[in-house]
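Colleague: pasted the sequence and its predicted model underneath.
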Amino acid sequence: MEIINPLVENYIEKLSSPPHAFLQQILDETNADHPHAHMISGAVQGKFLQMISRMIKPLKVLEIGAFTGFSALCLAEGLQTNGEIHTIELREDDAATAQKNFNKSSFKESIKLHIGDAKIIIPTLLHEWDLIFIDADKTSYIDYYELTLPQLKKNGFILADNVLFHGQVLPENITGKNAKAIDVFNKHIASDTRSEQVLLSVRDGISIIRKV
């Protein structure tokens, strides 16, 4: 199912500021070499993450789902001088690629990579987060939200990716465990008085969630 008209998507990408050279290299290498390259944030979404980070100017960022490191490097663009990103990746091969990319960047001292199950790692990270990006296994989105919300500062933000899940959340009768999980997550956030959200049709859908 096409969520966005391809002509619109192409027009947006053509007229949005492109990634800088190193980010473009990561995009190109991931698209060329990774069997699940569709999981990477695209150029437009990467620029969106950069813009949000520059607006917020976070001190502490948590990312759940590092993949090959592209999105963490986008989020790093807005960090305060002494800021940090903690990013979690379950797959060891992807974590190794991400770490290699971090090491080549100017943010190598600011990005801390954790390898393993995010549900186990998150409670060990005793920080107050300014910004959280959730882009990992869809069936655990509510778990990640509930684990991280207490650690998110008041008026802090969570960005949740893939909240339209390829359009599979749109039919009246939703099939597939990931689409069902995302639909339940979206409705969970919508009914939660601890936060407010706006759901955007950027790429595969991004929710911006603010802790009130």
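Modeller: Here it is on my side, so go on.
Colleague: partners of the biggest strand by length in the chain in the sheet?
Modeller: Determined from DSSP state E, the single longest strand within the chain is strand 152-161. Applying DSSP bridges, strand 152-161 is found paired with strand 129-134 (parallel), strand 206-211 (antiparallel).
Colleague: I'd like these as CSV, with mean neighbour count, mean pLDDT and distance to residue 113 appended.
Modeller: (C-beta placed from N, C-alpha, C; glycine too.) Formatted as CSV, the strands paired with strand 152-161 follow (neighbours: other Cβ atoms under 10 Å; pLDDT from 0 to 100; distance: least, Cβ to Cβ, whole Å):
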stretch, mean neighbour count, mean pLDDT, distance to residue 113
strand 129-134, 25, 98, 14
strand 206-211, 20, 98, 23
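Colleague: just send those strands back as TSV, with distance to residue 154 too.
Modeller: As requested, the strands paired with strand 152-161 are exported to TSV (distance: least, Cβ to Cβ, whole Å):
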stretch	distance to residue 154
strand 129-134	11
strand 206-211	6
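Colleague: closest one to residue 177 among those strands?
Modeller: strand 129-134 (17.3 Å; Cβ to Cβ).
Colleague: among the strands paired with strand 152-161, which comes closest to residue 165?
Modeller: strand 206-211 (11.9 Å).
Colleague: convert the C-alpha atoms of the closest one to PDB, please.
Modeller: Output of strand 206-211 as PDB, limited to C-alpha atoms (Å, rounded to 0.1, in the frame of the first residue of the first chain):
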ATOM      1  CA  ILE A 206       6.500   9.300  13.100                       C
ATOM      2  CA  SER A 207       4.800  10.200  16.300                       C
ATOM      3  CA  ILE A 208       6.100  13.200  18.300                       C
ATOM      4  CA  ILE A 209       5.100  12.500  21.900                       C
ATOM      5  CA  ARG A 210       5.600  15.200  24.700                       C
ATOM      6  CA  LYS A 211       5.500  14.300  28.400                       C
END
